[in-house]
Each structure stands twice: as C-alpha cells, then as structure tokens.
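Trainee: Quick one: sequence plus predicted model below, questions after.
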Amino acid sequence: WQGKSSIGKYGDFVMQTDWAVGEVMAALETAGISSNTLVVFTSDNGCSKAAMIGEMEAKGHFPSADLRGSKSDIFDGGHRIPFFVRWPDRIKAGSRSDQIVGQIDLMATCAELLGAKLPDNAGEDSVSILPALLGTSKTPLREALVHHSINGSFAIRQGDWKLALCADSGGWSDPAP
C-alpha cells in the first residue's frame, strides 16, 4: 500500500483499511450472513499530528474536515470521528442520526442486543444507542457526553453546545497547553 494514495503514509493506511473492510464485508456476503450481521466501523480519535496533517492538507485532503484540532485535543477534530453501522435486516441504508453518542455506548448497546444485564458497576456511563441505530428514537438518548484530552482536560457536550474546561487544546494542537 506504500505510495498508493499520493498523500503520504496515512493516506496509504486509510486505503489499506478501506480494502480490509471491503474484504470483511465480502466474506460476510460469501458466508450468506451479511444481511443479519451488525457491522460497526469507527475510529479511536481524530487524525494524529504524526500523520503529517499539514502535508495532507496541502494536497487537498483534510482529515478533520472543517473541524478544529486533531487526535489528543479537546477540540472537535479530536473527538468527532467516523461511526458507520451496517445491519441491512434492521437498519435502513443511508439513514443517519443526530444523536450524541460515544464509543462507550457500545457496551450498553451490545448488552441490550444480547439481552444481558450489566452489573451495577459496569458501563455506568454507557447508554444503549439501539433506538438511534434503528431510527426509533424520539428524544435524546443521553443528556450530555463528557470528552477528555490527552493532558486530562475535560469538555462536556450537550445538544448543540460544548463547554471546554481549558484555555487551550488540551493536546498537541495550538494553542498548546
């Protein structure tokens, strides 16, 4: 994959990841289980500065889109990440949700799907996002979501608002701590 993307090693990595996901999807199809298999594709954080973001942007690729910041930061470029779900038997193709969700919600969601009860001391901050996935949610599934940067700074998102409890990025972007 080296050199395939023309935007550097990170672009090559993304191309390879895209191919690998395609292989998984093809294997599910070949096995005849693709329509009733829940597939979740997401990322841990925004793009890392080590990926040479400036060089990619100079070539027309903006890994954080129009969002400020990147991996490690409290800013949205560090926290708003891809979260794609495919489950043809249950989720309408092309649907989307404006619910505020986090990867922490996968624990409660999987527990609900399995009919399992989580212990009281497990996944306390996790909320099942199954209603958002199925398109049946009528109200917000959670009141707020807490964000955390690499240096320990916190932010809280509620509705269209985000309160960052630091005067800097909390990470590697300017203004740096």
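Mentor: Thanks, I have the structure now.

Trainee: contacts and neighbour counts: CA atoms only from here.
Mentor: Noted.

Trainee: tell me the contacts of the closest residue to Asn151 other than its chain neighbours?
Mentor: Nearest residue to Asn151 in three dimensions, chain neighbours excluded: Gly170, at 5.6 Å (CA to CA, 6 or more residues apart in numbering). The contact partners of Gly170, taken as CA atoms under 8 Å, 6 or more residues apart in numbering, are Ser72, Asp73, Ile74, Ser149, Ile150, Asn151, Gly152, Ser153, Ala176, Pro177.

Trainee: His147 is in contact with the first one, correct?
Mentor: No: under the criterion of CA atoms under 8 Å, Ser72 lies out of contact with His147, with a separation of 10.7 Å.

Trainee: What segments of this protein are strands?
Mentor: In the chain, the strands defined using DSSP state E lie at 39-42, 83-86, 145-148, 154-158, 161-164.

Trainee: which one of these is the most hemmed in?
Mentor: strand 145-148 (a mean of 18; mean count of other CA atoms under 10 Å).

Trainee: Pairing partners for that one, with directions?
Mentor: Using DSSP bridges, strand 145-148 pairs in its sheet with strand 154-158 (antiparallel).

Trainee: centroid residue for the chain?
Mentor: Nearest to the mean C-alpha position of the chain, by CA atoms, centre = their mean, lies Ile81 at 3.6 Å.

Trainee: Can you verify my assumption that that residue contacts Ser43?
Mentor: Yes: in this structure, Ile81 is within contact of Ser43 by CA under 8 Å, at 6.1 Å.

Trainee: Who are the packing partners of the worst-scoring helix or strand of the chain on mean pLDDT?
Mentor: Least confident helix or strand, the chain: helix 76-79 with a mean of 91, by mean pLDDT, DSSP states H and E. Under the contact criterion of 3 or more CA pairs under 8 Å, 6 or more residues apart in numbering; DSSP states H and E, helix 76-79 touches no helix or strand at all.

Trainee: Is Arg68 in contact with Arg80, as I believe?
Mentor: No: in this structure Arg68 lies outside contact range of Arg80 using CA under 8 Å: 10.3 Å.

Trainee: So for the two, which sits in the more crowded spot?
Mentor: When neighbours are counted by other CA atoms under 10 Å, Arg68 and Arg80 differ, and Arg80 comes out ahead with 18 against 15.
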